[in-house]
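Turn this into a structure:
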Amino acid sequence: MKQPVLIVVILALFVTSCAQSKSADPTMKSAPVDSVTALRTGAECMERYLPLLEGKRVALCGNQTSVVGNTHLVDTLLARKVNLVKLFCPEHGFRGQAEAGATIASGKDPLTGLPVVSLYGKNKKPTAEQLQDIDILLFDLQDVGCRFYTYISTLHYVMEAAAENQVKVIVLDRPNPNGFYVDGPVLEPQYKSFVGMHPVPVVYGMTIGEYARMINGEKWLENGVQCNLEVVKLEGYTHQTRYTLPVAPSPNLQTKKAILFYPSLCFFEGTNVSVGRGTDHPFEMYGAPGLLDGDYTFTPHAIPGVSENPPFKDQECRGELLASVCIDWNAPGSLDLFFLLNAYQNYPDKANFFLKNNFFDKLAGTAQLRKQIVEGKSEEEIRASWQPALDQFKKVRARYLLYDDETMKR
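Here you go, the predicted model:
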């Protein structure tokens with residue numbers, strides 16, 4: 001099982017390879033080294049939330065990203081004599097050791113002995129019984145800013161259960177590594193699922209604290225209930241801050257590049273094309289057996305704790321390694337549809353490009369994108385169809401921002 005690793009930016013690699021990019025998106029250039037030395041996460045701003053925990057029974061919804069410096073937040077809270085009585089965990093487990101979609105069982109944290117309640121699988125929403133001995137629920141998960149990344153769905157259910165059971169929720173805010181742009185189709189209500197619960201675009205450009213405020217303010221919780229919510233804000237952050245995650249947020253997002261490509265490549269999870277699960281560089285490539293174009297081959301294998309049974313296990317796939325595609329963090333940013341459109345055009349059996357379970361439509365939040373691809377629409381035509389809903393969402397988003405955002409000033 002891979003342990004969480006530091007995610008490192010290597011400027012020289014990006015600069016030397018940009019000219020080789022196949023991407024039609026002119027914003028895909030080199031990424032500068034970011035400077036966040038003055039940034040403090042919500043978890044690190046302990047002087048602002050520890051007083052709220054005095055004399056309270058506290059639970060934590062967290063995982064391996066819940067750190068204060070190099071120390072897990074659980075250990076930090078226990079050292080400060082906080083009455084921590086229970087842990088909740090999202091997809092991938094409390095220590096982040098499970099692959100996407102794996103069943104997460106409740107049990108005990110082996111390092112602290114605290115009970116751990118899984119919020120993935122059949123029990124996505126805390127029950128009244130699970131909350132009856134809790135006064136305050138701390139929520140500290142590192143989001144990556146994409147609608148289909150399920151931590152915001154876990155946030156929704158935590159807030160909903162807390163509202164119904166008079167439990168206060170304190171969100172310890174963290175930066176969004178994709179928080180500097182807004183893009184993609186907005187989810188339509190009929191496509192609501194755990195990989196998309198709210199009418200937001202694929203990339204929504206908000207921290208998880210801002211997103212919590214939007215869930216509450218827009219009354220998206222069941223029956224319009226609102227929870228007793230407090231957000232411990234970041235210090236030294238704006239939506240232009242380029243943030244390198246100190247801990248991998250999930251087993252298959254191990255690098256900054258994978259996190260930045262994730263909004264564009266995750267669509268492939270609803271197709272018969274691999275994104276490199278079962279390799280050393282998931283979400284940095286795409287390919288499939290028999291793909292008619294591509295200068296790179298890879299063979300997925302089982303990797304315990306990361307990808308036990310990856311698509312096309314032990315089969316050679318042909319496609320593209322995206323080491324030659326670079327991202328310019330100085331540009332406004334956008335989804336890159338080139339990879340998806342290119343793969344479809346070069347897929348030998350187009351009738352079977354999309355999975356039959358309609359998972360692609362759930363990821364997209366609409367059936368329109370799939371139909372546009374089949375119809376041969378250009379990227380420009382597809383983007384134009386998103387714009388009215390994007391413009392409306394940006395008006396909603398503006399009401400809940402906590403940090404400076406240059407895109408709102410243009």
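
count of neighbours near residue 393?
21 (other Cβ atoms under 10 Å). The way it works is simple: take the backbone N, C-alpha and C, and place the C-beta from them, glycine included.

Could you tell me how many residues sit around residue 234?
Neighbours around residue 234, by other Cβ under 10 Å: 25.

now the helices: where do they sit in the stretch 101-250 of the chain?
Listed in chain order, the helices of the stretch 101-250 of the chain (DSSP state H, counting those that start in this stretch) span 128-131, 151-164, 208-217.

now those helices as JSON lines including mean pLDDT, mean neighbour count and distance to residue 404?
Output for these, formatted as JSON lines (pLDDT from 0 to 100; neighbours: other Cβ atoms under 10 Å; distance: least, Cβ to Cβ, whole Å):
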{"stretch": "helix 128-131", "mean pLDDT": "97", "mean neighbour count": "14", "distance to residue 404": "36"}
{"stretch": "helix 151-164", "mean pLDDT": "98", "mean neighbour count": "23", "distance to residue 404": "22"}
{"stretch": "helix 208-217", "mean pLDDT": "98", "mean neighbour count": "22", "distance to residue 404": "12"}
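
Can you lay out those as CSV showing distance to residue 180?
Below are the helices of the stretch 101-250 of the chain laid out as CSV (distance: least, Cβ to Cβ, whole Å):
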stretch, distance to residue 180
helix 128-131, 36
helix 151-164, 18
helix 208-217, 13
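
Nearest to residue 240 among those helices would be which one?
Nearest of the helices of the stretch 101-250 of the chain to residue 240, taken as Cβ to Cβ: helix 208-217 at 14.7 Å.

quick one, that closest one and helix 151-164 angle?
With axes from the mean of the first three to the mean of the last three Cα atoms, to 10 degrees defining the directions, helix 208-217 sits at 50 degrees from helix 151-164.

same for helix 208-217, what does it pack against?
Contacts defined by 3 or more Cβ pairs under 8 Å, 6 or more residues apart in numbering; DSSP states H and E place helix 208-217 against helix 151-164, strand 168-172, strand 229-232.

ok, 6 Å please
helix 151-164, strand 229-232 (3 or more Cβ pairs under 6 Å, 6 or more residues apart in numbering; DSSP states H and E).

Which one of the ones you listed lies nearest to residue 389?
helix 151-164 (18.4 Å).

returning to that earlier point: which one of the helices of the stretch 101-250 of the chain lies closest to residue 390?
helix 208-217 (15.3 Å).

Determine the next helix or strand in the C-terminal direction from the helix-or-strand element of the chain with minimal mean pLDDT.
Sorting the helices and strands of the chain by mean pLDDT, DSSP states H and E puts helix 11-17 at the bottom, at a mean of 32. Toward the C-terminal end, the helix or strand that comes next after helix 11-17 (DSSP states H and E) is helix 46-53.

Now do the buried residues in that next one.
Residues of helix 46-53 classed as buried: 46, 49, 52, 53 (neighbour count, 16 or more other Cβ atoms under 10 Å).

Those: which two are farthest apart?
46 and 52 (10.6 Å).

re earlier: which one of the buried residues of helix 46-53 sits closest to residue 188?
Nearest member of the buried residues of helix 46-53 to residue 188, counting by Cβ to Cβ, is residue 49, at 37.1 Å.

Could you report the separation of the residue nearest to residue 333 when sequence neighbours are not counted from residue 366?
The shortest distance from residue 333 to any non-neighbouring residue, by Cβ to Cβ, 6 or more residues apart in numbering, is to residue 181 (3.1 Å). In this view, residue 181 and residue 366 are 19 Å apart by Cβ to Cβ, to the nearest Å.

now do residue 263
Residue 263 is 15 Å from residue 366, by Cβ to Cβ.

quick one: which of those two has more around it?
Of the pair residue 263 and residue 366, residue 263 is the one with more neighbours under other Cβ under 10 Å, namely 25 against 22.

what helix or strand does that one sit in?
Going by DSSP H and E, residue 263 is part of helix 256-265.

wait, what's in contact with the residue nearest to residue 268 when sequence neighbours are not counted?
Nearest residue to residue 268 in three dimensions, chain neighbours excluded: residue 275, at 4.9 Å (Cβ to Cβ, 6+ apart). Counting by Cβ atoms under 6 Å, 6 or more residues apart in numbering, residue 275 touches 265, 268, 283, 286.

Burial check on the last one, number of neighbours?
When neighbours are counted by other Cβ under 10 Å, residue 286 registers 28.

Let's verify it: helix, strand, or coil?
Put simply, residue 286 is strand when judged by DSSP: H, G, I helix; E, B strand; the rest coil.

so it makes contact with residue 317?
No: using Cβ atoms under 6 Å as the test, residue 286 is too far from residue 317 to be in contact (8.5 Å).
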